[in-house]
Structure formats: C-alpha cells, structure tokens
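Turn this into a structure:
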Amino acid sequence: MSTNGTTNGSNKELDPNQGGDANKKTYHKQPTGEALKTANAHSADNELTLYGSCFCPFVHRVWISLEHKGLPYAYREVDVYRKPKELTDINPRGLVPALRHGEWGSYESTVLMEYLEDLDKGKPLLPQDPKLRAESRLWSDHINRHIIPAFYRYLQAQDSEDQVKFAGQLREQIAKLVDAADPQGPFFLGDELTFVDVQLAPWIVRLGKVLKPYRGWPDPEPGSRWEKWVKAVEAAGPVQRTTSTDELYLDSYERYAENRPNTSQVREAINSGMQMP
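Prediction:
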C-alpha cells in the first residue's frame, strides 16, 4: 500500500474510511435510480441550489422538501469528504446539506427546511394553525434529539448486547412519536405529508434499506399505525423521486455497520457521546 491513498499498481484512490482495503465498500458519489433521474432533471443552473451527497439522510430531507414544494432548483452532488470550494464557501465545516439562494447561503437540514417554508412559495409543509406548527417543531426536535442518535447507536454497535439495548431505545423513541401522531393518519397530522413526515422520512427509508439487512430490524407489525405511516411515507412521490436504489444504501452504510474509523462526524459524535454535528 502506498502512502498517498492509492493501491500498489493501481491509480484508484481509496476513501479514508476504507482503511486501505479496496475490498471495503464505501459511500456512493452519485445517486442512482429515481434519485438520479431527479438529479439529472435539476442539473441546469438555478439561483436556488442544493449541494448534497446522495447517501446523506440530512440532504434527503431538504431534497424531499424541494420536490414537495415544486420549486425550481438545481441539485449539485458534492463529495463531502473532499470538501469542494463551492461547499465550504457556504459552510466552512464542509458539511451537507448546503443551500445557496442567489448570493446568500446557509446549511443544517432543519434550518433549510424552515427557510423554504419562510419563502412562502410552493406547497407548504408546516400547517397554518400556530398550535399545530408548534407541535410539528416539538416532534421534529424529538426526531433530531432521540430517534436519529438511537438509529446510529444501533447501527454502529458491534456487541450483540449493545445492539439489543440500542434497538430497544430506537423502538421506544419511535413509539413516542407514533403515539403523538394523528390516530387515523396515515401521516403525522392526517392525510397529507407535512413537516414531521419529511423530518423522519430519510430514516424510515433507511430502516428498511440499512437497518433491516445489517441489524435485522423488523418490518412494522401488520395493521399497526406505524405500518400505515411507513407505507404512506415510502409511497409519497417526493420521497420516491429522491430515493436511490437499495445497493447505494447497502454500500454507503457498510462503513457505519462496521463502525470504521474516518466514516463521518456523525460516527465520531455517537461514539464519543457528544451531540450530533
């Protein structure tokens, strides 16, 4: 192995999370399937531009929001581990998602979803009623504080006892959210996709495409409120149009399932007990 990140006798550059082993799977650098079709349809320059990485669930949130709203936008795939200048010009930390609107730019997925709401263009995700808006923000915070960290703790756990413990924590936090949802659904507030659904959608997708194959995460109980919610989210047009094929998620999340070094700042935060980056 050479010291510049390439294999002997090959010009192929390895990603740091592969640990010098070309046989290890790494993150994809282009979307696939329906997500690729959507990216290609939004390849033309636009004053509203989303910079993202196809495997990233936080990017997925903002992308779903843009598709739901029907706003004109450009999608730019970036390799976040090599931090191109157009990304660091918006976010000096080089994290995605990042959004540029004219000369202005910002980042953090929930902030960007709120910004798109504040534009007051396209189909809204937050309801008009102030109380329901507050409820939506409250339960979005629950997703960010409790469900997402539990997802990564479970996926990264290597010890079987830890996996059982963290799977229980994830089920518990999801159950709290389901109990707060509209009893009939199928979405959080009723019959339409709204803010909380989009906040959770990327992880609903990854429960089936990542946690199920890597950790044996079970399908929802037939006839349950959770099953109704999962099916509705997975079938929603904006979600389908921004979701790649199963292979992309299997390959891109192998590094988390093996808890490899140099995987991401999310991995480091979970392993050290710090807040999500």
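
List the single closest residue to residue 116 in space, sequence neighbours excluded.
Excluding the flanking residues, the one nearest residue 116 by C-beta to C-beta, 6 or more residues apart in numbering is residue 65, at 5.3 Å. C-beta: built from backbone N, CA, C; applies to glycine.

Now do the same for that neighbour: its pLDDT.
pLDDT, residue 65: 98.

Check residue 241 too.
At residue 241, the model reports a pLDDT of 98.

Near it, how many residues? Count them for me, please.
18 (other C-beta atoms under 10 Å).

thinking again about what came up before, name the helices or strands packed onto the helix or strand where the residue nearest to residue 116 lies?
Take DSSP states H and E as the rule and residue 65 turns out to sit in helix 57-69. Counting contacts by 3 or more C-beta pairs under 8 Å, 6 or more residues apart in numbering; DSSP states H and E, helix 57-69 is packed against strand 48-52, helix 109-118, helix 195-206, helix 237-241.

go again using 6 Å as the cut-off
Applying 3 or more C-beta pairs under 6 Å, 6 or more residues apart in numbering; DSSP states H and E, one finds that helix 57-69 makes contact with helix 109-118, helix 195-206, helix 237-241.

So residue 100 lies in a strand, does it not?
Yes - the assignment for residue 100 (DSSP: H, G, I helix; E, B strand; the rest coil) places it in a strand.

surely it meets residue 49?
Yes - contact criterion C-beta atoms under 6 Å: residue 100 and residue 49 qualify, at 4.6 Å.

any shared contact partners between those two?
Common contacts of residue 100 and residue 49, defined by C-beta atoms under 6 Å, 6 or more residues apart in numbering, are absent altogether.

re earlier: strand partners (parallel or antiparallel) of the helix or strand following the helix holding residue 65?
Where DSSP H and E defines the elements, the next helix or strand beyond helix 57-69 is strand 74-77. Counting by DSSP bridges, the strands paired with strand 74-77 are strand 48-52 (parallel).

got the contact list for the partner strand?
Taking C-beta under 6 Å, 6+ apart as the rule, strand 48-52 contacts 59, 62, 73-76, 78, 87, 96-101.

Let's see that with 7 Å instead.
59, 62-63, 66, 71-78, 86-87, 90, 96-101 (C-beta atoms under 7 Å, 6 or more residues apart in numbering).
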